[in-house]
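**Q** What follows is a protein structure lacking sequence information:
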Ligand SMILES: Cc1cc2nc3c(=O)[nH]c(=O)nc-3n(C[C@H](O)[C@H](O)[C@H](O)COP(=O)(O)OP(=O)(O)OC[C@H]3O[C@@H](n4cnc5c(N)ncnc54)[C@H](O)[C@@H]3O)c2cc1C
């Protein structure tokens, strides 16, 4: 059980900046995100796209903004729990909160900030009859243990970086890999595509492009074959032990919908003074919240994080008067940066 002041659900730009604003007020935060890297939409959806409306930063990419935020929060040493979804959130008898993740990690916190953006990113599923019967045993949406595929016949579905990276990574150890992509152009980096094409030309890997998975066959959760339907021509049956599906990630509100909050069409209603939800002690900032005039912009989320931090400080330490401190002279900032007063 990890005891902390605040658990932040979501490591997107607003969740990260929330760590900074809480840290300035002397509050410790633990951040949980269902994806494996920080940055939310910025790194998941547009790491290389330029952003032009971060105040005083004329241009930066989604990745650069995330890297800068990670550097900015470093002095406050937040616990980062990536690759696990917050599933359970409930109030304890003493008005603190109990939080549990998909990896059964448990926290108690004095306040919660939901910075969950458009929801938790989940792998897009394979839309073929019976696919769920094999999920987790011989049909996989992520690779946890590459050794599991040594000496096996694999079909890798997808045309992005994950599909190509894993097809290339497993090419040596698998018995045979068939890469299946619904187009003939790949979204992966050109170098990976070139390496894949070379393996296909050398007869090490098979490639079926302009084609889709049509049917699965097997028994007791163990796949035996996958039928691939090309855009033109006859269906092809490929013998497989495992199918790896990399169709990208899609956001889903997920467990947040079950936490008893006042939900407004996939967003959470908050008051625009404290950014508190309908549940006292649970706050929401960034794309996930709604209030009159709400704009889904990073800079708006930063403002919300600042005000939420003051409200959380007042809730946790009601007897302490909190003055706005400029960071230049803030004793906490000086202490964290090792600056002598
Ligand atoms: C293509 C594109 C371009 C954009 N360009 C701009 C721009 O130029 N300027 C601008 O201001 N905005 C831009 N935006 C919008 C901007 O990216 C969002 O406003 C911003 O990412 C919101 O940040 P956030 O921290 O609220 O949420 P997000 O970035 O969505 O991050 C939320 C995180 O919470 C996690 N999460 C959700 N539920 C759970 C759970 N139960 N457990 C654990 N983790 C969970 C998610 O996995 C996700 O990583 C753009 C968006 C897109 C798609």
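**A** Structure's in. What do you need? Remember, predicted model here, so these are calculated numbers, not experimental data. Numbers count the residues shown, from 1 in each chain.
**Q** CA only for contacts and neighbour counts going forward, please
**A** Noted.
**Q** Where does the prediction get shaky in this protein?
**A** Residues of the chain meeting the criterion pLDDT under 70: 341.
**Q** Roughly how far does the residue lying closest to residue 61 once chain neighbours are set aside sit from the ligand?
**A** Using Cα to Cα, 6 or more residues apart in numbering and skipping the chain neighbours, the partner closest in space to residue 61 is residue 50 (4.3 Å). Distance of residue 50 to the ligand, given as Cα to the nearest ligand atom, to the nearest Å: 7 Å.
**Q** State the number of residues packed around residue 50.
**A** 16 (other Cα atoms under 10 Å).
**Q** Contacts only, for it.
**A** Residues in contact with residue 50 (Cα atoms under 8 Å, 6 or more residues apart in numbering) are 59, 60, 61, 62.
**Q** Show me what the second one bridges to in the sheet.
**A** The residues listed as beta-bridge partners of residue 60 by DSSP bridges are residue 51.
**Q** Pull the contacting residues for it.
**A** Residues counted as contacts of residue 60 (Cα under 8 Å, 6+ apart) are 50, 51, 52.
**Q** for those, which one is nearest residue 298?
**A** residue 51 (9.9 Å; Cα to Cα).
**Q** I figured that closest one was touching residue 62, is that so?
**A** Yes: in terms of Cα atoms under 8 Å, residue 51 counts as a neighbour of residue 62; the distance is 6.8 Å.
**Q** Who has more neighbours out of the two?
**A** Comparing residue 51 with residue 62 by neighbour count (other Cα under 10 Å), the higher total belongs to residue 62, at 22 against 17.
**Q** Against residue 76, how distant is the more buried one?
**A** 22 Å (Cα to Cα, to the nearest Å).
**Q** Repeat that for residue 38.
**A** 16 Å.
**Q** returning to what we had before: could I get the contacts of residue 50 as a markdown table with distance to the ligand?
**A** Putting these into a markdown table (distance: Cα to the nearest ligand atom, whole Å) gives the following:
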| residue | distance to the ligand |
| --- | --- |
| 59 | 9 |
| 60 | 9 |
| 61 | 9 |
| 62 | 8 |
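**Q** JSON lines for these, including distance to residue 3?
**A** Output for the contacts of residue 50, formatted as JSON lines (distance: Cα to Cα, whole Å):
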{"residue": "59", "distance to residue 3": "38"}
{"residue": "60", "distance to residue 3": "35"}
{"residue": "61", "distance to residue 3": "35"}
{"residue": "62", "distance to residue 3": "32"}
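**Q** Contacts only, for residue 17.
**A** 69, 73, 302, 305.
**Q** Which of the three states applies to residue 63?
**A** Here residue 63 is recorded as helix under DSSP: H, G, I helix; E, B strand; the rest coil.
**Q** secondary structure element for residue 224?
**A** strand 222-230 (DSSP states H and E).
**Q** Residue 1: how many residues sit nearby?
**A** With other Cα under 10 Å as criterion, residue 1 counts 11.
**Q** And residue 38 and residue 76? Which one has more around it.
**A** Neighbour totals were compared for residue 38 and residue 76, and residue 38 leads with 28 against 21 (other Cα under 10 Å).
**Q** Surely that one is in contact with residue 11?
**A** Yes: the pair residue 38 and residue 11 passes the contact test of Cα under 8 Å, sitting 5.2 Å apart.
**Q** How about the residues of the stretch 1-150 of the chain by the ligand?
**A** For the stretch 1-150 of the chain, the contact set with the ligand under Cα under 6 Å from any ligand atom comprises 9-15, 32-35, 40-42, 45-46, 51-53, 85-87, 115-121.
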